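Enquirer: Have a look at this prediction, sequence included:
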Amino acid sequence: MYKQIRPLLFSINPEVAHDLTLSLLGAAGNSGLAKRLLPAPVEDPVELLGCRFTNRVGLAAGLDKNAACVKGMAALGFGFIEVGTVTPKAQPGNDKPRMFRLAEHEAIINRMGFNNQGLDALTQRVTALRQSGLSVPLGINIGKNKITSAEQAASDYTQCLTQVAHLADYVTINLSSPNTPGLRDLQFGDELQKLLVAIVDKRSELADQSGRLTPLLVKIAPDMARDDLLSVADQLHANGIDGIIATNTTIDKTSVKGSDHCDEAGGLSGSVLFEKSTEIVSTLSQHFRSGSPIRNGSHSGSSHASANDMVIVGVGGINSPAQAVEKIAAGADLVQLYSGLIYQGPSLIRQSALAIRDAQQT
């Protein structure tokens with residue numbers, strides 16, 4: 001069906017198409033229609049981060065920033081869903097237009113700028129979702145407001161963590177969007193260390209109150225040199241971070257040079273990112289695990305986990321089931337989709353989950 005719908009969606013502004021799709025999916029999910037009409041998700045369970053993932057294919061953050069269509073997304077067959085990025089205060093994001101299709105490359109450039117309805121709106125929605133029942137794990141991706149200085153960034157992140165820790169199966173710290181000025185500077189050295197200490201201390205404080213230590217992941221950029229990547233990875237592990245999401249969008253647009261919109265500011269995603277992001281997954285896996293195969297064991301979310309227990313989530317450029325399998329083979333425990341959904345449609349979810357399951361059985 002998506003092959004018939006896609007030309008219509010691609011005939012209108014990308015952000016309008018995005019908003020329209022989310023509205024329809026949200027209505028179908030909240031009414032129960034999507035669950036009644038669509039097949040059950042592929043069962044390929046894995047225990048990670050202290051919870052059971054239905055299968056290894058998840059929704060990447062950025063598509064459902066406000067947790068407005070979680071039930072609709074779950075009905076499409078995702079094994080887990082990540083919402084956000086959410087910031088403490090609502091913000092409109094960058095000026096429009098801010099999303100561009102590069103159809104010949106099956107790629108997207110966006111400079112959305114953490115547009116979202118704010119922390120209170122998201123937590124209200126997720127609280128209602130928890131009360132009505134969620135069928136898959138839910139991650140919440142947190143960030144800082146554009147007007148918040150780098151020096152005050154920790155306050156934004158700890159405020160977000162305080163409100164969402166009890167609602168999320170895991171929380172992702174987004175330090176890698178290229179569309180918030182100065183954000184990527186927080187990925188390195190002393191700035192990263194100060195931020196991690198503040199966030200991990202807040203998590204411990206919340207755990208003392210609730211009895212549950214919320215797993216923390218960090219989403220990294222694909223544009224680091226190898227030595228920087230490994231240094232950041234070691235710093236994350238040393239501070240008790242439970243996993244890495246590799247990767248966010250890239251600011252390197254050489255792969256789309258000469259295309260319409262190639263000079264637009266923003267992050268590039270889609271099939272052109274696959275090789276780079278998969279190489280980073282492989283590098284991280286070899287660094288932490290000496291190239292060991294994918295694991296089926298459990299991970300508690302403990303801050304004292306060994307390096308081998310660092311969960312790796314592979315995201316970037318998955319446009320086919322074979323590429324989802326390749327991410328897993330490179331060392332990812334889980335994968336996430338975003339741009340591939342726009343070009344291939346929701347069938348990519350189920351096909352990828354089946355392909356990963358089949359690959360493990362051979």
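Expert: Received, thanks. Here the structure is a predicted model, which is why all the values come from computation and not from measurement.

Enquirer: neighbours around Pro260, how many?
Expert: Quick fix: residue 260 reads Asp, not Pro. Using other C-beta atoms under 10 Å, Asp260 has 12 other residues around it. C-beta: built from backbone N, CA, C; applies to glycine.

Enquirer: Check for me that it belongs to a strand.
Expert: No. Under the criterion used here (DSSP: H, G, I helix; E, B strand; the rest coil), Asp260 is coil, not part of a strand.

Enquirer: Just the pLDDT for it.
Expert: pLDDT for Asp260: 91.

Enquirer: I'd like the distance between it and Val281.
Expert: To Val281, Asp260 is 30 Å away according to C-beta to C-beta, to the nearest Å.

Enquirer: go on, Leu217?
Expert: Taking C-beta to C-beta, one finds Leu217 at 14 Å from Val281.

Enquirer: again with Pro92
Expert: 34 Å.

Enquirer: More neighbours: which of those two?
Expert: A direct count of neighbours by other C-beta under 10 Å for Pro92 and Val281 places Val281 higher, at 26 against 12.

Enquirer: and that one, what does it touch?
Expert: Val281 is in contact with Ala246, Ile312, Gly314, Lys327, Ala330, Gly331, Ala332, counting by C-beta atoms under 8 Å, 6 or more residues apart in numbering.

Enquirer: For Ala165, which non-adjacent residue is spatially closest?
Expert: Thr214 (4.3 Å; C-beta to C-beta, 6 or more residues apart in numbering).

Enquirer: For the one you found, which three-state class applies?
Expert: What three-state DSSP gives for Thr214 is coil.

Enquirer: one step back: among the contacts of Val281, which ones are in strands?
Expert: Using DSSP state E, the subset of those located in strands is Ala246, Ile312, Gly314.

Enquirer: Run a quick neighbour tally on the first one.
Expert: In other words, Ala246. Each residue near Ala246 was counted by other C-beta under 10 Å, and the total is 32.

Enquirer: hang on, it packs against Ile220?
Expert: Yes. Counting by C-beta atoms under 8 Å, Ala246 touches Ile220, with 5.8 Å between them.

Enquirer: any shared contact partners between those two?
Expert: Counting by C-beta under 8 Å, 6+ apart, the shared contacts of Ala246 and Ile220 are Ile280.

Enquirer: thinking again about what came up before, give me the buried subset of the contacts of Val281.
Expert: Neighbour counting by 16 or more other C-beta atoms under 10 Å classes Ala246, Ile312, Gly314, Lys327, Ala330, Gly331, Ala332 among those as buried.

Enquirer: May I ask which helix or strand encompasses Ala28?
Expert: Per DSSP states H and E: Ala28 is located in helix 14-31.

Enquirer: Show me what that helix is packed against.
Expert: Contacts defined by 3 or more C-beta pairs under 8 Å, 6 or more residues apart in numbering; DSSP states H and E place helix 14-31 against helix 2-10, helix 33-37, helix 70-75, strand 99-102.
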